[in-house]
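Asker: Just a sequence and a predicted model for now, questions to come.
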Amino acid sequence: MNDLRLVLRNLFGSRSRFALTLTGITVGITALVVMMSLGGGLRAQIERQATDLGANLIVTPKGWCAYEQVKVLSGDRLPDAILPADVEAIEAIDGVAVLPYLTVGSAIGNEPVAVTGIRVADTIAAKRWSVAEGTAPSDGESGVLAGAAAAETFGLTVGDEVVLRGEPFEVLGVIEPTGTGDDGVLFAPLDVAQRVYETDGRVSFLSVSVADITEVDLYAQRITDAANVAVISDRQLLASVLSVVDTVGTTLTVIAAVAVLTAAFGIINTMLMATLERRREIGILKSLGSSNGRVFRVFMLEAAAYGVLGGIVGLLVGTAASHVITPLIAENEFTAFVGGARVAAVPPVADMVTILFGAVLVSVLSGVYPAWRAARLAPVEAISYE
Amino acid sequence: MIPIFARMKHALVLTALAAPLGLLAGCSSGVEAIGVNALSADPMAFTGTITVKGVVQDIDAAASRIMLIDEEEYATCGLTPCAGTGIIPLHVPLGGEPSSAGSLYSGSLPDIEDTVLVTGEVKSMGQGLVFDVDRIERGSSTLVSRQ
């Protein structure tokens, strides 16, 4: 009997034990894929948001922490702390184009919805939005432009009414899907949002495009000289937010790695049990001339088979499950903090290969001790075992 | 070889079914609660009985007042909200004068930094909007309930 047939016969000799051991490694790999999918999804979402912002500089109130910087990208509610005088001073600087944002919120049917006050025409032009239905509201008009996802979630169509801070607003238009957090927002004219939310002309943050991107630092200096604000470049903002996301991703991956490690102990246990149960078989093999090396190899191949099968099934199940499970996992204070986190990104092929290789490696390492014990059994002792 | 793979099919099906179920077992559904920042953005937009999830930032035991901050913000900024967009005051008198909404309560106040679920209703009173608390829960236990 060749080694491969021997391995397969041994693996399926006890189907339930095989299935349970395989389930252990599969669950571990599935968890790893789901967690990597979540981490990758968060990263991709943040990068999309940053690109979509289309700014070279972000102007924020002084003293903002990572929380607010993340919220700039996610579109969630932020304090209105930039004074109208500061906005005017920044707009007076040559070579800058300013887009102010007032990020507030409301609810439809007791479900929270993000609301952002914008200069509608300027923002549509800067973000290259297409209005799929209806028209965009004009300045001073009590109307909203709904993001595609917001319209779908709340069943909003042109002509519907939403109430913001007790004041009725007509849904005047729906934006084509952008694939960013903007899809989940209701946009109102900035002046109207400032009046309804009683901000006295204040805004949450400004996105600033500069005429000469080689002089970004110079513009940043001019802005801080002109107004009592803080300035961060789009790259700094992205790096800051991604550092938070990467911390979350690493934590999740470590948790998943523990699941893989637990599965490894399952393999050790299964293989040790197999060593004990097959002592007579090992003794007969050795009596027929099989070397210690062959016995060791057969056990190692069994362990590797768990890694290969568990890895492949885990990758398949994990990829499918990430689309179902990732939104559930994303609903916690760590990932929800990033906002817009309900996305799953399938890990790149290189990562998939690494995961599969890792599964085989863990399985092979788990099989070393049981295989070594099997190989060093003396034939006489093994045959006489009952 | 073929019978071996036929048997293998059953094992793989079992594995494929067990893996996602194992992962789902680790997820909790929980109550669909509203965040403090979401509520404070437009309190009037929330009607009827709602449940708010937040973290206890401050307690005035003598006045039976609790300040609630957003859970997400607390996770990043601690007890001093960096965005400061929403702090919800709750008045839950455990005896003495009733709250402005006319309610009295029994039980014990939560501790600072407790994550709590507060069920109640936004009401417009003489001095403005108040959150009329029905009960405050921490985990599976009810700490405060309306008498």
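Answerer: Yep, it's here.
Asker: Now do the closest residue to A:Asp3 other than its chain neighbours: how many residues are near it, please.
Answerer: Leaving aside its sequence neighbours, A:Asp3 sits nearest to A:Val298 (CB to CB, 6 or more residues apart in numbering or on different chains; 5.6 Å). The C-beta positions use only the backbone N, C-alpha and C, and glycine is treated the same way. Residues contacting A:Val298 under the criterion other CB atoms under 10 Å in any protein chain shown number 21.
Asker: Point me to the helix or strand that includes A:Val298.
Answerer: Here A:Val298, judged by DSSP states H and E, is contained in helix A:292-330.
Asker: do B:Ile66 as well
Answerer: Following DSSP H and E, one finds B:Ile66 within strand B:65-70.
Asker: What is that strand packed up against?
Answerer: Contacts defined by 3 or more CB pairs under 8 Å, 6 or more residues apart in numbering or on different chains; DSSP states H and E place strand B:65-70 against helix B:36-41, strand B:49-60, strand B:87-91.
Asker: what angle do the second one and strand B:65-70 make?
Answerer: I take that to be strand B:49-60. 120 degrees (axes from the mean of the first three to the mean of the last three CA atoms, to 10 degrees).
Asker: returning to that earlier point: winner for burial among the helices and strands packed on strand B:65-70?
Answerer: Most buried of those, by mean neighbour count (mean count of other CB atoms under 10 Å in any protein chain shown): helix B:36-41, with a mean of 26.
Asker: just to revisit the earlier point, buried sites along the helix holding A:Val298?
Answerer: Neighbour-count burial for helix A:292-330, counted by 16 or more other CB atoms under 10 Å in any protein chain shown, picks out A:295-307, A:309-311, A:313-322, A:325-326, A:328-330.
Asker: got CSV for the helices and strands packed on strand B:65-70, with distance to chain A and mean pLDDT too?
Answerer: Below are the helices and strands packed on strand B:65-70 laid out as CSV (distance: least, CB to the nearest CB, whole Å; pLDDT from 0 to 100):
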stretch, distance to chain A, mean pLDDT
helix B:36-41, 3, 89
strand B:49-60, 6, 93
strand B:87-91, 12, 86
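Asker: Any chance of those in TSV with distance to B:Ser140 as columns?
Answerer: Listed next are these as TSV, based on distance: least, CB to CB, whole Å:
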stretch	distance to B:Ser140
helix B:36-41	21
strand B:49-60	14
strand B:87-91	20
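Asker: Next up, phi/psi of A:Gly95, please.
Answerer: Main-chain torsions, A:Gly95, degrees, to the nearest 10: phi 90, psi 10.
Asker: can you pull the contacts of the closest residue to it other than its chain neighbours?
Answerer: Distances taken as CB to CB, 6+ apart place A:Ala211 nearest to A:Gly95, at 3.7 Å, with adjacent residues excluded. Shown in contact with A:Ala211 (CB atoms under 8 Å, 6 or more residues apart in numbering or on different chains): A:Asp94, A:Gly95, A:Val96.
Asker: Just among those residues, which is most surrounded?
Answerer: Counting neighbours by other CB under 10 Å, A:Val96 comes out on top of the contacts of A:Ala211 with 20 neighbours.
Asker: Do a quick rundown of the strands in the stretch 151-300 of chain A.
Answerer: Here the stretch 151-300 of chain A has its strands, by DSSP state E, counting those that start in this stretch, at A:161-164, A:167-175, A:185-189, A:205-210, A:230-233.
Asker: so which of these is the most packed in?
Answerer: Mean neighbour counts for the strands of the stretch 151-300 of chain A (mean count of other CB under 10 Å) peak at strand A:185-189, with a mean of 26.
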